[in-house]
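1. Here you go, sequence then predicted model.
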Amino acid sequence: MIELRVNGQSHHVSADPDTPLLYVLRDELQLNAAKFGCGLGQCGACTVLVDGAPTLSCVTPIMLLAGRQITTVEGLGTPEDPGPMQRAFIEEQSAQCGYCIPGMMMRAQALLQRNARATEAEIRAYLEPNLCRCGTHMRILRAVKRAASMMTGPDASLSTHTPVPASTQVDTSEVDSDAQRDRRHSEKRERPER
Amino acid sequence: MKKFVTRRLVVRLLWVMGALLMAFLVYAWRSPITPVDPPAAESFDKASIQRGAQLAALGNCATCHTAPGGETFAGGREVVTPFGTIYSTNITPDAPTGIGRWSQEAFQRAMREGVDREGDHLYPAFPYDHFTLVNDADSAALYAFIMTRPPVRAKTHENQLSFPSNIRFLIPAWKLLFFHRGPYEPDSRHDDEWNRGAYLANGIGHCGACHTPRNSLGAEIAAQHFGGGEAEGWYAYAINADSKSLEAWNAEDLHMYLSRGWHDRHGDALGPMAEVAANLASVPDADLKAIATYVAAVMGKREQPSGKSKSESTPSNDTGAAIYSATCAECHDGTRPPPFGGIKLMLSTSVTGEKATNLVNVILDGLHPPEGIPGAIMPGFSSTLTDGQLESLVAYIRSNLGAQPPWTEVETSVREARSRVRD
């Protein structure tokens, strides 16, 4: 049994120590935001935060993570009260197919947590490892800049969610399915025919 | 009486010192070369410009003379040395801030003697100890190429050097000790191809600037030519008979490696060498073959692969073994050699090499091919591996997979790499 701290909550997981974090998040903890893309750490769809640093969960065995703070998109906010990064991505309608978006959000979150005043050039350089095949890069960039201004703006203190304290954490499986529904909903608005 | 003798001695000593100083000044003095108007592009012939472009790629000029994200050849890149930071200069043909007012004679003097147009001595961070070998025709071609690049207005940043290296006046003394003026003299014991390779590798290519160790005054130690050195936080492996590569190199493999930046039985060009290899991709094959022939000859033939002796008792290292098998083995099990998979680690010189530096750098930062250049990629593990886990993993790879005696100073490599690596 390895103890993982995910979004402020502690979990004892039964998976083998060499299991990639991504599989544990999705299969055991039902936190489905992080996606399986290439499985080789080359596309960024599986990006989560470990102690605030972007980490490719598909190539990270859980044996390395005992006692570390893991944050996924579910830890950035709830459907009722989305965090600034989530709100910004919804408001900019940044998702096309949506598959890369959780990874993009987490990598951007890591940058803005360290430097909420990052320039466009810095944002571009920092997001470079994460791939998007639909080509929504311009919207993603706008969303990250919007999130940055929310985090630094006058009501910034109301909208920092990172990570959600354990006491206020809602049931994660429900958050996820709601979040996915929400995402599907926004995709529909953007592109009705699939 | 005694007092008188002492005074005479002092006077004589002063005369001798004065004479030596005069001699040094005469040796050091270089006159300014008359400024010219930037020459028109039409004044150069196309073939010369084209050859100049190839030589500039061989010399890796753009890498040092371009700041990160800056205009090509406009300078401003920090070159960190043990003596402080030197900023590369603007070598675009801009008249006020670049070398637009340099005649070909001034350019050639900088290459051959390390003196700028105004007559000031240049710091040997500009590797004129190599470029002095470049012949007149190649120097003219480089001049033609550089002077036909777009001029960029960019003032060169002031160097930040510590005392006494900040005194330019002392550079001629350094030259007196360590600088041997060219051009290249062919070695009649070897054939034309070898000589061509030696001319390119030791001249414009300045391989030894990284691959030869330096003394405390920053000069390459001639007796340890190609014996391995340091470059920007990376270890530049020995490329002479001391090569630590598991499989011996030959000219054919070296040519393959130089032209595409990787070899399936040696590994990928890492760190600054990745940029070098990216530049070499545009260099004519004949030049690369000559360099490969020369370097392979310097390495010499090897009877047995080095370090093949699987040590009698490899230390047990459960943590390292577990991390390797869960994190690295899927790509590095050797079933898919580079570039489609990871190299079998016992073949990689980063594992059998002199220091842990390169292996630690790659584990933490991964591999990112230079912009626009195809090459192997690998994710970095800086955010997940703790220093303890990393040291266990490095020890396991070195001893159990590489069958080599443990490295010393792994902790230092880890600390230094951590200070550089991005997420």
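-> Okay, I see it.
2. Contact residues of chain A facing chain B?
-> Proximity of chain A to chain B, by C-beta under 8 Å from any C-beta of the partner chain, involves residues A:17-18, A:40-42, A:50-51, A:53-56, A:59-61, A:63-65, A:68, A:110, A:121, A:126, A:129. Every C-beta, even on glycine, is put in place using the N, C-alpha and C of the backbone.
3. Narrow these to just the buried residues.
-> Among the residues of chain A next to chain B, those buried by neighbour count (16 or more other C-beta atoms under 10 Å in any protein chain shown) are A:17, A:40-42, A:50, A:53-56, A:59-61, A:63-65, A:68, A:110, A:126, A:129.
4. just to revisit the earlier point, so which of the residues of chain A next to chain B sit within helices?
-> Per DSSP state H, helices hold the following members of those: A:110, A:121, A:126.
5. Return the residues in contact with the first one.
-> Applying C-beta atoms under 8 Å, 6 or more residues apart in numbering or on different chains, one finds that residue A:110 lies in contact with A:49, A:52, A:53, A:54, A:126, B:423.
6. do that again at 10 Å, thanks
-> A:47-50, A:52-55, A:71, A:126, A:162, B:383, B:423 (C-beta atoms under 10 Å, 6 or more residues apart in numbering or on different chains).
7. Least confident of those residues?
-> When those are compared by pLDDT, residue A:162 scores lowest at 50.
8. worst-scoring helix or strand of chain A, pLDDT-wise?
-> helix A:172-190 (a mean of 42; mean pLDDT, DSSP states H and E).
9. And the residue nearest the centre of chain A, its phi and psi?
-> Centroid-nearest residue in chain A, with C-alpha atoms, centre = their mean: residue A:73, separated by 3.2 Å. Main-chain dihedrals, residue A:73, degrees, to the nearest 10: phi -60, psi -30.
10. pLDDT at the closest residue to it other than its chain neighbours, what is it?
-> Setting aside the residues directly before and after it, residue A:73 is nearest to residue A:33 in space (C-beta to C-beta, 6 or more residues apart in numbering or on different chains), at 3.6 Å. For residue A:33, the pLDDT comes out at 97.
11. got it, and residue A:14?
-> 93.
12. what residues are up against it?
-> By C-beta under 10 Å, 6+ apart, the neighbours of residue A:14 are A:1, A:2, A:24, A:28.
13. burial count for the first one?
-> The reference is to residue A:1. Residue A:1 is flanked by 8 other residues according to other C-beta atoms under 10 Å in any protein chain shown.
14. So it sits against residue A:28, correct?
-> No. If you go by C-beta atoms under 10 Å, residue A:1 and residue A:28 don't touch, sitting 11.6 Å apart.
15. Could you list the low-confidence segments of chain B?
-> Residues of chain B that meet the criterion pLDDT under 70 lie in B:1-3, B:304-313, B:422-423.
16. mind checking the longest helix of it?
-> Longest helix in chain B, counting by DSSP H: helix B:2-28.
17. Using the record, which stretches count as separate domains in the chain?
-> Since no chain was named, I'll use chain A. A:2-75, A:77-168 (automatic domain parsing).
18. that's the wrong chain, I wanted chain B
-> If you go by automatic domain parsing, chain B breaks into B:41-178, B:192-299, B:318-420.
19. Tell me how far the first one lies from the chain's centre.
-> Average the C-alpha atoms of domain B:41-178, do the same for its chain, and the two points are 15 Å apart (C-alpha atoms, centre = their mean, to the nearest Å).
20. same check, this time on stretch B:21-34
-> With C-alpha atoms, centre = their mean, you get 30 Å for stretch B:21-34.
21. Ends of it, what's the gap?
-> 27 Å (C-alpha to C-alpha, to the nearest Å).
22. got the buried residues for that stretch?
-> For stretch B:21-34, by 16+ other C-beta under 10 Å, it's B:28, B:30, B:33.
23. Of these, just say which sits nearest to chain A.
-> Minimum distance to chain A across those is 39.7 Å, recorded for residue B:33 (C-beta to the nearest C-beta).
24. Up against chain A, what does chain B have?
-> Proximity of chain B to chain A, by C-beta under 10 Å from any C-beta of the partner chain, involves residues B:69, B:319, B:322-323, B:325-331, B:341-342, B:366, B:368, B:371, B:377-386, B:389, B:393, B:422-423.
25. show me where chain A has strands.
-> A:2-6, A:9-13, A:47-50, A:53-56, A:69-71 (DSSP state E).
26. Could you identify which of the ones you listed is most buried?
-> strand A:47-50 (a mean of 28; mean count of other C-beta atoms under 10 Å in any protein chain shown).
27. Run the chain-centre distance for it.
-> Worked out by C-alpha atoms, centre = their mean, strand A:47-50 lies 7 Å from the chain centre.
28. Can you name the residue of the stretch 101-250 of chain B nearest chain A?
-> Closest point on the stretch 101-250 of chain B to chain A, by C-beta to the nearest C-beta, is residue B:154, at 18.0 Å.
29. same thing with the stretch 151-300 of chain B?
-> Counting by C-beta to the nearest C-beta, the stretch 151-300 of chain B gets nearest chain A through residue B:268, at 15.1 Å.
30. and the residue in the stretch 1-150 of chain B that chain A sits nearest to, what is it in contact with?
-> Nearest residue of the stretch 1-150 of chain B to chain A (C-beta to the nearest C-beta) works out as residue B:69 at 7.5 Å. Applying C-beta under 10 Å, 6+ apart to residue B:69 gives the contacts A:121, A:125.
31. Tell me the secondary structure of it, please.
-> Classification of residue B:69 using DSSP: H, G, I helix; E, B strand; the rest coil returns coil.
32. for it, phi and psi?
-> Torsion angles, degrees, to the nearest 10, at residue B:69: phi 80, psi 0.
33. residue ranges with poor pLDDT in chain A?
-> A:155-194.
34. same thing but 90
-> A:1, A:153-194 (pLDDT under 90).
35. Residue 130: neighbour count?
-> If you meant another chain, say so; for now it's chain A. Using other C-beta under 10 Å: residue A:130 sits among 23 other residues.
36. You answered for a different chain; I wanted chain B.
-> 22.
37. How about residue A:130: what's its closest non-neighbour residue?
-> Using C-beta to C-beta, 6+ apart, the closest residue to residue A:130 is residue A:44 (3.2 Å).
38. and that neighbour, what does it touch?
-> So residue A:44 contacts A:35, A:37-38, A:54, A:56, A:58, A:100, A:102-104, A:106-107, A:127-132, B:379 (C-beta under 10 Å, 6+ apart).
39. returning to what we had before: take the contacts of residue A:110 and write them to TSV, including distance to residue B:254.
-> Converted to TSV, the contacts of residue A:110 look like this (distance: C-beta to C-beta, whole Å):
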residue	distance to residue B:254
A:47	38
A:48	42
A:49	43
A:50	40
A:52	43
A:53	38
A:54	37
A:55	37
A:71	47
A:126	37
A:162	50
B:383	36
B:423	35
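40. now, among these, which is nearest to residue B:407?
-> Lowest distance from residue B:407 to those (C-beta to C-beta) belongs to residue B:383, with 23.8 Å.
41. I'd guessed the closest one sits against residue A:41; true?
-> No. Taking C-beta under 10 Å as the definition, residue B:383 is not a contact partner of residue A:41, at 11.7 Å.
42. what do the two both touch?
-> With C-beta under 10 Å, 6+ apart, residue B:383 and residue A:41 have common neighbours A:55, A:56, A:60.
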